[in-house]
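Colleague: The following block contains a protein sequence and its predicted model.
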Amino acid sequence: MQAQPPSSTIETSPFQAHVDSLHSLPLDTTIQALHSLLPRLTTSISPTGTRLVSHPDHAGLAKLDDLGRLYLDAAGCCTREHAAFKTRLLHVSLDKIVEEVYIASEDQLEKGLKDGTVKIPPLGPDEDPGCACCRGDPDAVILSSFHWEEALYYLEDEYNVLWQGEESSGGKYGRGWTWLKASKEQVEREVAKTEAASKL
């Protein structure tokens, strides 16, 4: 495993700056940017266990978990911002890709820990030692496959207007709110209906 630059260099790399800029973009543009970036990433691991990525169109390295968090946050925004059907399907198309990137990263991390080229420092006093999935850590969520088709959740009222009488594929519930999950087939059907209507 090649030695990686210190974290201060990563923070100022052009690629990391590009990744940081994606957080301020509109949802559609963010998902399109992820669609452009994720399939062409090359993974690596820093000596302290940070998951890093490079991309042929960008100089320097970026933190994989920053992209992973952006991807996960975008799924929730699809629900809260009432994203278009095609936007949701584009996000879903990234599910397998992002998992493959994290699997490659995990394989490298495990190899580095085994051969001694990676040493993860102990947790600091302010770091949470609890469940990584409960914290929403991107690596834990994605490697546990909890990310699949998260962009297909709709607010309950919205789901019922679109698919009245059709059983949902799942749900999320909280105090005063309910999200219902559409199937990919339901969303694809709505895209087809919209496109057919536009040709009339």
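Modeller: Looks like it came in fine.
Colleague: Next one: Ala197 from Glu190, what distance?
Modeller: Applying C-beta to C-beta, to the nearest Å, the value for Ala197 to Glu190 is 11 Å. Yep, even glycine has a C-beta here, placed from its N, CA and C like the rest.
Colleague: Oops, could you answer that again for Arg175 instead?
Modeller: 30 Å.
Colleague: for this protein, which spans come out with low pLDDT?
Modeller: Within the chain, the segments meeting pLDDT under 70 span 1-9.
Colleague: contacting residues around the residue nearest to the spatial centre of it?
Modeller: Centroid-nearest residue in the chain, with C-alpha atoms, centre = their mean: Tyr71, separated by 2.5 Å. Contact partners of Tyr71, counting by C-beta atoms under 8 Å, 6 or more residues apart in numbering, are 34, 38, 91, 94, 98, 138, 147.
Colleague: Could you rerun that using 6 Å?
Modeller: Residues in contact with Tyr71 (C-beta atoms under 6 Å, 6 or more residues apart in numbering) are 34, 98.
Colleague: Tell me which of Ala197 and Glu190 has more neighbours.
Modeller: Glu190 (17 against 8; other C-beta atoms under 10 Å).
Colleague: I'd say the more buried one and Lys86 touch.
Modeller: No - assessed by C-beta atoms under 6 Å, Glu190 is found out of contact with Lys86, at 9.7 Å.
Colleague: quick one: the longest helix that the chain contains to chain centroid distance?
Modeller: Longest helix of the chain, by residue count under DSSP state H: helix 95-115. Here helix 95-115 is found 15 Å from its chain centre; the criterion is C-alpha atoms, centre = their mean, to the nearest Å.
Colleague: now do stretch 72-84
Modeller: Distance of stretch 72-84 from the chain centroid (C-alpha atoms, centre = their mean) equals 12 Å.
Colleague: please begin residue numbering at 229 from this point
Modeller: Right, with 229 as the first residue, what we last looked at is stretch 300-312.
Colleague: returning to what we had before: I'd like the next helix or strand past the longest helix of the chain.
Modeller: Later in the chain than helix 323-343, the nearest helix or strand by DSSP states H and E is helix 360-363.
Colleague: For that following helix, name the packing helices and strands.
Modeller: helix 366-371 (3 or more C-beta pairs under 6 Å, 6 or more residues apart in numbering; DSSP states H and E).
Colleague: Helices of the chain, start to end?
Modeller: 235-239, 242-249, 255-265, 292-308, 313-320, 323-343, 360-363, 366-371, 384-390, 412-426.
Colleague: can I get those in JSON lines with distance to Leu351?
Modeller: Shown next, in JSON lines, are the helices of the chain (distance: least, C-beta to C-beta, whole Å):
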{"stretch": "helix 235-239", "distance to Leu351": "17"}
{"stretch": "helix 242-249", "distance to Leu351": "24"}
{"stretch": "helix 255-265", "distance to Leu351": "30"}
{"stretch": "helix 292-308", "distance to Leu351": "16"}
{"stretch": "helix 313-320", "distance to Leu351": "32"}
{"stretch": "helix 323-343", "distance to Leu351": "16"}
{"stretch": "helix 360-363", "distance to Leu351": "12"}
{"stretch": "helix 366-371", "distance to Leu351": "15"}
{"stretch": "helix 384-390", "distance to Leu351": "39"}
{"stretch": "helix 412-426", "distance to Leu351": "39"}
